Each structure stands twice: as C-alpha cells, then as structure tokens.
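# okay, here's the prediction I keep looking at, along with the sequence it came from:
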Amino acid sequence: MKHILIIYTGGTIGMVRTPNGYAPQDGYFRAALGAIPALASDEMPRWELYEMSPLLDSSNMTVNEWNKIARLIADNYDAYDGFVVLHGTDTMAYTASALSFMLDGLDKPVVLTGSQIPLCELRSDGRDNIITSILIAAGDRIHEVCLYFGGSLLRGNRATKYSADGLIAFVSPNYPPLAEAGITIRYNDAALLPRNGGELKLRLLENVPIGVIKVFPGIQFSLFESIMTEKLRGIVIETFGAGNIPGNGDALLPIIRRAFENGTVLTVCSQCPQGAVSLGAYETSSALKQAGAVSGLDITTEAAVAKLYYLFSCGYDKETVKREMERSLRGEMTT
C-alpha cells in the first residue's frame, strides 16, 4: 500500500470562524480530516499528517517557509511514495514554483492543494481537493511538483491564481493541464515530465533582495531609481504585451543600465496571462534587450520570482543567471 505524507501549512482549508474572521487553529485540522469518511476507506492509501508550526495564512509565506517545506520533503523522501502540501491559495503558485526548483531530481509526486471554502463549512471544496490530491500523490504517473484544484492538475510552476472567490481558482495559461479529474482521473501523458531516475538534491533558498515592477500608463520610472542599488539582485518587470514599455524606455533605460552595471538581473515578463515576451519584436521592447534585460518568454511572474531566488542561491554569477533565466529548467517555460 502506498504511503503519503500530508504537510499542512495553514490556509483557508483548515481555518475556523473567529470574531475577527477565518483563522487557522492549532489541532483543529487533524480532527477535521478524521471526520471525512472517505479518508478512512480501504481504497485510500495510508497517509500521515504533519502540521507545521506556526500555521500561516499564505499571505505570510516567506522564503523561510519554502525552505521548511522543501526540507520536510527531502528529509522524508525515502519514507513516503508521495507528498501533499496543504496551502493557502493566495501564494500557492509561488510556493509550487519555488519547490519545483528547490527539489532537483524529484521523481515522486508533490501535490499542492487547498480550498476556497474552509472544511468547517458545509459546501467546502476542500474535501475533493484533499481526496483527489492524495490519490494523485499515490499514483505512478507524476514525477514533479504540481497543483491540484477544482478538478484540474496543473504543473506547479505554470500555475497562477485566477479567481479570489471561484472554485476554479487556478489556471495554467501557457501549458495544458497534466490531468483532469472527472469520473476518472485522465492524465495528459504528453504534458508530463518524464521520470528523473536520479538522486534528489535539495537546494535551500537564500533571502536575496528581489523586486517586481508592473508597468502602467503614465508610470514614473524615476520613482524606482532609488531602489536600483548593488543590493538588489534581481527584478521582474511586467511589461505590456510582448515586452513593450511606454515612451520607448527613455526614462527607464538609464535606470536599467545602472542596475545592470550593479549586477542586477532584470527579467521581462508580460502582463498578459497568455502568450510570451519577444524582446525586439517591437521597437518599444528592443531597447530593453540592448540595456541587458533578459526575456522571460512565457514564464509566470510567480515562477520568475522563484527562479531568481533559486539561481542566486546556487551561487551563480550574473551572466550565468541571465543565461539560465532564458532556459527551461523544470518545464516552467516554452523555449
């Protein structure tokens, strides 16, 4: 019988009502799982629960929590056949992306899930998300970090949160689902990463200074000049369309050049959920490339941020980080 470790980090799925709104409560979640009859079914794999402390609303997740989750998986890797990480939805795509880079050589399923409605409520979507995630984690088809929600299994570093109140909370704009759960779980074999066959190598992340800038009409780039120091290691800039910036970049480019000289790596992503950055396709984006920016192609902002953390934590120099940012490491982008 397969053996699954459930890592409960907090989030809506295990929250209870309090005078100040929903909040996690130590010890409640184990009893809540015990009240789901399907989890005791003979058809379910064996599972154990590890409850992290403190339990967090996912908006409070940091690099430190990513390291704790990744270390838990690595330390228990040989004892379990798969892992389910229960997590709040707000930053689930960031955590899924980070784990995909940190767990180099992963050859077992790591499935992140949660819910939009707490288990304590009658209509909670958490029951199906937990049950199906455990079954996926106990299968032999998945060899990567993924995210299950609302009937769809997505590659973790391709997912992004789509809805704050819909039960289909996540989408994968530039990559097909890995599986769809209906009457049966139908896997998309062509979309899955192959078996790795290697040894798991854990790379913990350093809390390096990274920023995100979203371009908007009328943006005053000079306001960001003060943060472009040698302390800032990486920036993700969300541009219009395929990588366009306003005003031909006259105000932005000197700042980018200064950042580049300071060793900062600037990655260009698109504000459009679907499609890819193509620096140089338009005149308004060619200047970014000339200034030393790299193209994020069709990577999500969540994955770009996590990837920068990972590459700098590997100790790479600026040129290596730039090169690796334009290369797919864990299926996070189409190259």
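Sure, I can see it.

# extract the CA atoms of stretch 137-144 and return them as PDB.
Output in PDB follows, covering the C-alpha atoms of stretch 137-144 (Å, rounded to 0.1, in the frame of the first residue of the first chain):
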ATOM      1  CA  ALA A 137       0.200  11.500  -5.000                       C
ATOM      2  CA  ALA A 138      -0.200   7.700  -4.600                       C
ATOM      3  CA  GLY A 139      -0.100   7.100  -8.300                       C
ATOM      4  CA  ASP A 140       2.900   6.400 -10.500                       C
ATOM      5  CA  ARG A 141       2.300   9.000 -13.200                       C
ATOM      6  CA  ILE A 142       3.600  12.200 -11.700                       C
ATOM      7  CA  HIS A 143       7.300  13.000 -11.100                       C
ATOM      8  CA  GLU A 144       7.100  16.700 -10.400                       C
END
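
# which residues touch the helix or strand of the chain with the lowest mean pLDDT?
Sorting the helices and strands of the chain by mean pLDDT, DSSP states H and E puts helix 283-290 at the bottom, at a mean of 73. Outside helix 283-290, the residues that touch it by CB atoms under 8 Å, 6 or more residues apart in numbering are 239, 242-246, 248-249, 253, 256, 266, 268, 277-280, 295. C-beta: built from backbone N, CA, C; applies to glycine.

# show me where the chain has its helices.
28-34, 63-75, 92-102, 126-137, 253-261, 283-290, 301-313, 318-325 (DSSP state H).

# for the first one, which helices and strands make contact with it?
Spelled out, it's helix 28-34. strand 46-56 (3 or more CB pairs under 8 Å, 6 or more residues apart in numbering; DSSP states H and E).

# so the strand it packs on versus helix 63-75, what angle?
Put simply, strand 46-56 runs at 160 degrees to helix 63-75, going by axes from the mean of the first three to the mean of the last three CA atoms, to 10 degrees.

# what's in contact with strand 46-56?
Outside strand 46-56, the residues touching it (CB under 8 Å, 6+ apart) are 1-11, 14, 24-27, 29-30, 33, 39, 65, 68-69, 72, 84, 88, 134.

# now swap in stretch 119-133 and tell me
6, 12-17, 28-29, 32-33, 36, 38-39, 44, 84, 86, 111, 113-118, 148-151, 167, 181, 185.

# which residue packs closest to M1, ignoring adjacent ones?
The shortest distance from M1 to any non-neighbouring residue, by CB to CB, 6 or more residues apart in numbering, is to R46 (5.5 Å).
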